[in-house]
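Novice: Would you be able to build a 3D model of this:
(one chain, ligands or ions: 1)
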Amino acid sequence: MSTSSSTAAERDFKREFLKIVFVVFGVLLICFCIFFVNHNEDNKYIIATLELNGSAEKGDALFKINCVGCHGITARGLVGPDLHSITQRLNDKEIIKQVTGGLTPPMPSFEIDPANMSNLLKYLHSLE
Ligand code: HEC
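Specialist: Predicted coordinates for the structure are as follows:
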């Protein structure tokens, strides 16, 4: 009798254990899918942006609306750093991530379409 009860307990334990493994696996799978989808979206956005040839003037206007509060009217820096020669330190992909990523608070993440992102890039290149 004691053997049969211990095997029953063992079976319960196994079932619980499998349930936990299953749940953990499911959660990891979901995380992976979310990561993959996000990553793919990011890449699509970056590729779309880099394919365009923006206008520095339009980028300048965008900069005056969105960025001067922190980077200064001539992009010489205020709360945020001076952005002259930024394109020598960061490549376009890194700049896109900086502007859209919100990775360095207090700089917010900007939701900006590829055409306007391309304009901004052109403007930043014109600061060299
Ligand atoms: C609320 C203030 C704020 C606004 C608005 C803002 N930034 Fe920033 N930005 C910062 C700060 C602060 C940093 C430095 C972050 C750090 O490195 O920790 C920064 C860093 C950067 C960098 C990287 C500089 C470097 O030396 O690595 C770039 C490029 C940049 N900003 C571009 C922009 C652009 C383009 C806009 C407008 C679309 C913008 N920022 C709007 C505050 C701001």
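Novice: Only the buried residues of stretch 62-76, if you could.
Specialist: 62-63, 66-67, 71-72, 75 (16 or more other CB atoms under 10 Å). Where C-beta positions appear, they are placed from N, C-alpha and C, glycine not excepted.
Novice: From the residues you listed, list the ones also adjacent to the ligand.
Specialist: 66-67, 71 (CB under 6 Å from any ligand atom).
Novice: what about this protein, any weak spots by pLDDT?
Specialist: Residues of the chain meeting the criterion pLDDT under 70: 1-5.
Novice: now the helices for it?
Specialist: Using DSSP state H, the helices of the chain run over 2-51, 56-66, 68-71, 86-89, 92-101, 114-126.
Novice: highest average neighbour count across the ones you listed?
Specialist: Burial of the helices of the chain is given as mean neighbour count (mean count of other CB atoms under 10 Å); helix 114-126 ranks first at a mean of 20.
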